[in-house]
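J.: can't give you the sequence, but here's the structure:
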């Protein structure tokens, strides 16, 4: 008598696949975030947007696994807060809906591939395997269709609301100038009350909170007006909202001195939670645009570099900020280059940190051991011994003194160096 074949419950198999995927969620989220940020230009670049992208992915992946594991009907669900907030923020940044839609479809493809990989590992007949693949594909497709209806509506409503609000701040005409459109100077001034023919310094003010707090937004506006007064500007600043937690501004400021920067830093310190990035002073239309580009670049350094993540005020006039900004254009390649130049000295550990500090100071002091000792508060013989040891270990370095000095200078501006990358 032929033995009967075991029966398989598709729902139980879907739950099993969901459990296998659930334990890998942190890994899946990171991989999906990197894929979307690299494949869709509008979604990468800004660390805050990438962070919100990751939270949205995590919410969606977790929800899909929950549906698969518990056979939940979509009608009983609500979209995750992170997904809704991300759609709204993209609308505020003028990121087209097509980019958001493409992100969901790319994420769908990746999730289905991972699900099929898990199904392949199950010890089940091929016929049942096909049924499970069809079932998981059906769940994922229905979920994506459902969530896209929500986020599309949110994106559209927020885009309309945000553009209406920004219109009151003359953001539309400002964006035209930033794009390089030719506009009548008098027309711009009559629209905004701000002259493009003067010398400007551009600012970007922001908070790390994404809450829709009107008091927070008013606080940023008040701070920018205080900066204008501090710089003895002949007119109020030109201010436009970039999103709910970020403002762009321009102040008429013919001259910026070291005291100006110190006074601004003291002012911002009296407004906890607000951060400020400044461009260089620039004249006319080109200066208006260029100073803004520099302020945006300085903000990127403040958000990305470990050295500046806790700094309230950053300025492109700081040569180090400008240098790091250039290197951040390909941060991964820079990290590899640092490791290749410094070799084992790039590794973590207190001894390596002390050695890097000593050598960096030595190069900064013109390779003078006496001045290095004074700068570090050490005996000159201690410095000479350290330098001599480092010179003996020079075989571990790749590059000349200039390359080593530069690598040491920017070492703390990048996340910890992965010892498996470069220098091998």
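T.: Sure thing, it's come through. Every value quoted in this text rests on a predicted model; they were computed, and no experiment measured them.
J.: chain center to stretch 251-264, what's the gap?
T.: Relative to its parent chain, stretch 251-264 has a centroid offset of 28 Å by Cα atoms, centre = their mean, to the nearest Å.
J.: Same check on stretch 81-100?
T.: From the chain centre to the centre of stretch 81-100 is a distance of 15 Å (Cα atoms, centre = their mean).
J.: give me every residue that touches residue 88.
T.: Neighbour list for residue 88: 154-155, 158 [criterion: Cβ atoms under 8 Å, 6 or more residues apart in numbering]. All C-beta spots, glycine's among them, are computed from the backbone N, C-alpha and C.
J.: how much space between it and residue 269?
T.: Residue 88 is 31 Å from residue 269, where distance means Cβ to Cβ, to the nearest Å.
J.: Residue 154 now?
T.: Residue 154 is 37 Å from residue 269, where distance means Cβ to Cβ.
J.: cool, residue 387 as well?
T.: In terms of Cβ to Cβ, residue 387 sits 38 Å off from residue 269.
J.: more neighbours, those two?
T.: Between residue 387 and residue 269, residue 387 has the larger neighbour count (other Cβ atoms under 10 Å), namely 17 against 11.
J.: what's the closest non-adjacent residue to that one?
T.: residue 362 (5.9 Å; Cβ to Cβ, 6 or more residues apart in numbering).
J.: now do residue 283
T.: With sequence-adjacent residues excluded and distances taken as Cβ to Cβ, 6+ apart, residue 283 is closest to residue 199, at 4.7 Å.
J.: got the domain boundaries for the protein?
T.: Residue ranges for the domains of the chain, per automatic domain parsing: 10-167, 171-317, 329-413.
J.: And the last one, end to end?
T.: Taking Cα to Cα, to the nearest Å as the measure, domain 329-413 stretches 13 Å from start to finish.
J.: tell me how far it is from the chain's mean position?
T.: On Cα atoms, centre = their mean, the centre of domain 329-413 falls 29 Å from the chain's centre.
J.: where in the stretch 51-200 of the chain is pLDDT low?
T.: By pLDDT under 70, the weakly predicted segments of the stretch 51-200 of the chain are 162-170.
J.: where along it do the helices fall?
T.: Using DSSP state H, counting those that start in this stretch, the helices of the stretch 51-200 of the chain run over 81-92, 97-120, 126-167, 171-179, 185-192.
J.: Among these, show me which one is buried the most.
T.: Highest mean neighbour count of the helices of the stretch 51-200 of the chain: helix 81-92, a mean of 22 (counted as mean count of other Cβ atoms under 10 Å).
J.: between that helix and helix 126-167, how many degrees?
T.: Computed by axes from the mean of the first three to the mean of the last three Cα atoms, to 10 degrees, the angle separating helix 81-92 from helix 126-167 equals 50 degrees.
J.: where does residue 4 land on pLDDT?
T.: pLDDT recorded at residue 4 is 49.
J.: From residue 101, how far off is the residue lying closest to residue 108 once chain neighbours are set aside?
T.: Sequence neighbours aside, residue 144 is the residue nearest to residue 108 in space, at 4.9 Å (criterion: Cβ to Cβ, 6+ apart). Separation of residue 144 from residue 101 (Cβ to Cβ): 10 Å.
J.: cool, residue 287 as well?
T.: Taken as Cβ to Cβ, the span from residue 287 to residue 101 is 38 Å.
J.: so what's the most centrally placed residue in the chain up against?
T.: For the chain, residue 47 is the residue whose C-alpha lies nearest the centre (Cα atoms, centre = their mean; 0.9 Å). Contacts for residue 47 (Cβ under 8 Å, 6+ apart) come out as 300, 303-304.
J.: thinking the residue nearest to residue 283 is in contact with residue 253, fair?
T.: Yes - between residue 199 and residue 253 there is a contact at 6.7 Å, judged by Cβ atoms under 8 Å.
J.: re the thing from before, and residue 323, which of the domains of the chain is closest to it?
T.: Of all these, domain 329-413 sits nearest to residue 323, with 6.8 Å by Cβ to Cβ.
J.: Distance check, the residue nearest to residue 154 when sequence neighbours are not counted against residue 239.
T.: Closest residue in space to residue 154, ignoring its immediate chain neighbours: residue 87 at 4.4 Å, by Cβ to Cβ, 6+ apart. With the distance defined as Cβ to Cβ, residue 87 ends up 26 Å from residue 239.
J.: Same question for residue 20.
T.: For residue 20, the distance to residue 239 (Cβ to Cβ) stands at 51 Å.
J.: Looking at these two, which is more packed in?
T.: Set residue 20 next to residue 239 and count neighbours by other Cβ under 10 Å: residue 239 wins out with 23 against 17.
J.: give me the element the more buried one is part of.
T.: According to DSSP states H and E, residue 239 maps onto strand 238-243.
J.: can you check residue 296 too?
T.: Residue 296 is part of helix 284-304 when elements are defined by DSSP H and E.
J.: And the next helix or strand past that helix?
T.: Next in sequence after helix 284-304, counting helices and strands by DSSP H and E, comes strand 313-315.
J.: Which strands and helices lie in contact with that next one?
T.: helix 258-269, strand 274-283, helix 284-304 (3 or more Cβ pairs under 8 Å, 6 or more residues apart in numbering; DSSP states H and E).
J.: That strand pairs with which strands, parallel or anti?
T.: strand 274-283 (parallel) (DSSP bridges).
J.: what comes up buried for the strand it pairs with?
T.: 274-282 (16 or more other Cβ atoms under 10 Å).
J.: What angle do helix 258-269 and that strand make with each other?
T.: Using the same axes, to 10 degrees, one finds that strand 274-283 and helix 258-269 are set 150 degrees apart in direction.
J.: now the end-to-end length of stretch 243-260.
T.: Taking Cα to Cα, stretch 243-260 runs 27 Å from one end to the other.
J.: chain center to stretch 277-291, what's the gap?
T.: 23 Å.
J.: residue contacts, residue 225?
T.: Residues near residue 225 by Cβ under 8 Å, 6+ apart: 236-237.
J.: Check it and give its pLDDT.
T.: Looking at residue 225, its pLDDT is 87.
J.: do residue 393 as well
T.: Turning to residue 393, the model gives it a pLDDT of 68.
J.: Provide the contact partners of stretch 171-186 at residue level.
T.: By Cβ under 8 Å, 6+ apart, the surrounding residues in contact with stretch 171-186 are 163, 166, 188, 191-192, 195-197, 238, 240-241, 248, 285, 288-289, 292.
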